[in-house]
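*Asks:* here are the coordinates; sequence isn't available:
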């Protein structure tokens, strides 16, 4: 263990430990033994870690804390990490933080984040918490890659111009502000399950993107999963190539319409589901069916379904960028078939996911879409997903349809005679609770 507690500290070299690195306050302590101490830390205390410094604690904890400011420009490699400041926490673009265990935490009155933070543990939780203001600039990256990971951003006001990303399917990103939230032109919020709430205004600039494409259910997963077209079992393997069918959600997925012989089945298209909650959609899109090559199912070749997105804004939502929960196409593979020769086959497209927006006012000509994954090579396309938008102050009668300048689509995926059905769009004057 290597705890270091100081009033003012600047680190320009490397620190390596095997159980703990703790840099903070007004004393130096190893385990429970105090080695030296100074006057109590004050608001002027600071910890500065330069770009030439590395904090390395493989599989263990790194904590950096100051009652004033913490400035990190170097790299951190650890099991868990906690960066804390009573005043300002600044992480420079030269800083790269990698954690392999359960948590990564940023906590300060003001957080200014320009570095990379990547947490790889299966259940890792990344927390960025500011009591005054949080900024993630264009070089900033908060990312988790574990199968059940989560990112939680919480501040009175926040400006994001970088990337907040949870890469596994159905992983969660939650962003919450008491006041305004600004997502600038370089912002990317990417996850399968996105929950954004603002107690003030939310502005999504042109080229800003809230994205859950292909992060819902996996291939042949979900209540509307696609299937695989099948030929008679008496046939030789050389005939048994087939494309997959599309996933369903807001409508039915498309059938496979390219077969090696008329005796082969079209497969089972993905079913529609979630109609009872079409006015408050909550489901993930379903995956397309896998393709069959030489009688063997090609795993994970069906396209993934779209994720789900919920956006609640107490005042005005300015939508100039994109909010998408699209399904994605399946993968394509070429195979020589004894009946129709060498040709390409494809997994079915995934269905679009769900998007729920509740706001007082909606302006801007951006895009809201939960489209199905397209098809080629004879596969079935995915259906559209489900979208619901509640706008409290636009329209004259509760329950009427207000004018929306943004493009709102839940198209079925395209494909020559193999397209998926359209999804559903529900737009209402009123609030989600009405």
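*Replies:* Everything's here; your move. What you see is a predicted model, and the numbers here were worked out from it, not measured in a lab.
*Asks:* CA atoms for contacts and neighbours, from now on please.
*Replies:* Fine.
*Asks:* after the biggest strand by length in the chain comes which helix or strand?
*Replies:* Ranked by number of residues, the top strand in the chain under DSSP state E is strand 75-91. Once the chain leaves strand 75-91, the next helix or strand it forms, by DSSP states H and E, is strand 96-99.
*Asks:* can you give the contact residues for that next one?
*Replies:* 74-81, 115-121 (Cα atoms under 8 Å, 6 or more residues apart in numbering).
*Asks:* give me that answer again for 7 Å
*Replies:* With Cα atoms under 7 Å, 6 or more residues apart in numbering as the test, strand 96-99 has contacts from 75-81, 115-120.
*Asks:* state the mean pLDDT of whatever helix or strand comes next after that strand.
*Replies:* Next helix or strand after strand 96-99 toward the C-terminus (DSSP H and E): strand 103-113. The predicted model assigns strand 103-113 a mean pLDDT of 95.
*Asks:* and strand 103-113, which strands flank it?
*Replies:* strand 75-91 (parallel), strand 125-136 (parallel) (DSSP bridges).
*Asks:* list the buried residues of the shortest one.
*Replies:* Put plainly, it is strand 125-136. Buried residues in strand 125-136, defined by neighbour count with 16 or more other Cα atoms under 10 Å: 125, 126, 127, 128, 129, 130, 131, 133, 134, 135, 136.
*Asks:* check stretch 270-277 too.
*Replies:* Quick answer for stretch 270-277 (16+ other Cα under 10 Å): 270, 271, 272, 273, 274.
*Asks:* related to what we said a few turns ago, tabulate the strands paired with strand 103-113 (CSV), appending mean pLDDT and distance to residue 266.
*Replies:* Putting the strands paired with strand 103-113 into CSV (pLDDT from 0 to 100; distance: least, Cα to Cα, whole Å) gives the following:
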stretch, mean pLDDT, distance to residue 266
strand 75-91, 92, 50
strand 125-136, 96, 43
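*Asks:* quick one: the strands in the stretch 201-350 of the chain?
*Replies:* Residue ranges of the strands in the stretch 201-350 of the chain, as given by DSSP state E, counting those that start in this stretch, are 202-204, 209-211, 292-293, 296-297, 308-319, 322-324, 332-337, 341-346.
*Asks:* mind jotting down where the helices sit in the stretch 251-400 of the chain?
*Replies:* In the stretch 251-400 of the chain, no segments count as helices under DSSP state H, counting those that start in this stretch.
*Asks:* point out where it drops to low pLDDT.
*Replies:* 259-262, 295, 336-342, 394-400 (pLDDT under 70).
*Asks:* and the buried residues of stretch 270-277, which is closest to residue 46?
*Replies:* Of all the buried residues of stretch 270-277, residue 274 has the smallest distance to residue 46: 53.5 Å, by Cα to Cα.
*Asks:* which residues does residue 424 contact?
*Replies:* 250, 385, 386, 387, 410.
*Asks:* pull the number of nearby residues for residue 316.
*Replies:* Residue 316 is flanked by 20 other residues according to other Cα atoms under 10 Å.
*Asks:* nope, residue 407 is what I meant
*Replies:* Neighbour count for residue 407, taken as other Cα under 10 Å: 12.
*Asks:* also residue 426?
*Replies:* Residue 426: 15 surrounding residues under other Cα under 10 Å.
*Asks:* leaving out chain neighbours, which residue sits closest to it?
*Replies:* In space, and not counting its chain neighbours, residue 426 is closest to residue 388: 4.5 Å by Cα to Cα, 6 or more residues apart in numbering.
*Asks:* pretty sure that neighbour sits against residue 308.
*Replies:* No: when contacts are counted by Cα atoms under 7 Å, residue 388 is not listed as touching residue 308 (11.7 Å).
*Asks:* which residues are in contact with each of the two?
*Replies:* With Cα under 7 Å, 6+ apart as the test, residue 388 and residue 308 both reach residue 355.
*Asks:* looking at those two, which is more packed in?
*Replies:* The neighbour comparison of residue 388 against residue 308 (other Cα under 10 Å) goes to residue 308, with 34 against 22.
*Asks:* so the residue lying closest to the more buried one once chain neighbours are set aside bridges to which residues?
*Replies:* Nearest non-adjacent residue to residue 308, counting by Cα to Cα, 6+ apart: residue 354, 4.6 Å away. Residue 354 forms beta bridges with residue 308, residue 386, as assigned by DSSP bridges.
*Asks:* how many residues are close by residue 354?
*Replies:* Residue 354 has 37 nearby residues by other Cα under 10 Å.
*Asks:* can you redo the strands of the stretch 201-350 of the chain as a markdown table with distance to residue 283?
*Replies:* Below are those laid out as a markdown table (distance: least, Cα to Cα, whole Å):
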| stretch | distance to residue 283 |
| --- | --- |
| strand 202-204 | 24 |
| strand 209-211 | 15 |
| strand 292-293 | 28 |
| strand 296-297 | 27 |
| strand 308-319 | 6 |
| strand 322-324 | 14 |
| strand 332-337 | 27 |
| strand 341-346 | 25 |
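*Asks:* which one, of these, ends up nearest to residue 281?
*Replies:* If we rank these by Cα to Cα, the stretch that ends up nearest is strand 308-319, at 8.4 Å.
*Asks:* who touches the closest one?
*Replies:* Residues outside strand 308-319 that contact it (Cα under 7 Å, 6+ apart) are 192-205, 212, 282-284, 325, 353-366.
*Asks:* name the residues that touch stretch 175-188?
*Replies:* Contacts of stretch 175-188 (Cα under 7 Å, 6+ apart): 138, 152-164, 195-210.
*Asks:* residue contacts, the residue nearest the centre of the chain?
*Replies:* The chain has residue 191 as the residue nearest its centroid, 0.9 Å off, counting by Cα atoms, centre = their mean. If a contact means Cα under 7 Å, 6+ apart, then residue 191 has 165, 166, 167, 170, 171, 172, 173, 211, 212, 215 as its contacts.
*Asks:* could you point out which element follows the helix or strand residue 154 falls within?
*Replies:* Following DSSP H and E, one finds residue 154 within strand 150-155. Sequence order places strand 157-160 as the next helix or strand after strand 150-155, per DSSP H and E.
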